[in-house]
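# okay, here's the prediction I keep looking at, along with the sequence it came from:
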Amino acid sequence: MTETGRPPYPHVYQINVSDGGVPKRPVLEAVVATTGVEGDRQRNLNVHGGLDRALCLFSQDLIERLQDEGHSIEAGSSGENLTLARLEWEKLKPGYRLQVGPDVQLEIMSYTTPCDQNAQWFRDRDIKRISQKKNPGWSRLYAKVLREGVVRPGDEVTIEAG
């Protein structure tokens with residue numbers, strides 16, 4: 001463990017679910033299926049969910065940097081299912097695969113478009129702060145589930161280039 005009490009390797013920082021909308025709240029473990037995290041629901045299925053958007057991912061390291069800038073965002077605030085830590089987030093892109101813990105394998109499918117529901121977490125309601133077009137490397141990511149299983153905070157995350 002590091003001085004922050006977190007593992008020194010890339011890992012799952014937090015798993016988040018909600019009955020629709022944001023923020024999503026942390027759970028101690030979750031079953032990840034091809035349709036998403038069991039117990040999670042999206043409010044608008046036209047823009048969220050589906051097989052190619054089964055999971056939303058975001059970086060705890062970026063969340064902490066955003067907090068340093070004065071934004072009130074926290075893990076789960078922006079609707080991500082998995083908050084990941086210690087990854088070189090800006091290098092991740094569609095086509096890359098992630099192994100999450102011993103079971104789950106994901107493929108990054110796309111960058112997310114910032115949602116107006118997230119404006120409340122940003123100074124001046126500036127959701128473009130997490131826009132891939134305006135701020136490359138700061139976007140949340142959508143992922144497809146290639147292999148189902150259970151995930152827990154602390155599970156190691158490894159990256160395979162696409």
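Nice, I can see it. Here the structure is a predicted model, which is why all the values come from computation and not from measurement.
# what bits of this structure have low per-residue confidence?
1, 42-49, 162 (pLDDT under 70).
# where does the residue nearest in space to the middle of the chain sit: helix, strand or coil?
The centroid of the chain falls nearest to L57 when counting by Cα atoms, centre = their mean (1.8 Å). What DSSP: H, G, I helix; E, B strand; the rest coil gives for L57 is strand.
# please apply the same query to the one 4 residues further on.
Assigned by three-state DSSP, the conformation of D61 is helix.
# ok, now which ones touch it?
D61 sits next to 85-87, 89 when contact means Cβ atoms under 8 Å, 6 or more residues apart in numbering. Glycine gets a C-beta too; all of them are placed from N, C-alpha and C.
# all strands for the chain, in order.
11-17, 25-27, 30-33, 36-37, 55-59, 82-85, 97-100, 104-111, 141-147, 149-151, 157-160 (DSSP state E).
# phi and psi next, for G95.
Note on G95: its backbone torsions stand at phi 100, psi -20 [degrees, to the nearest 10].
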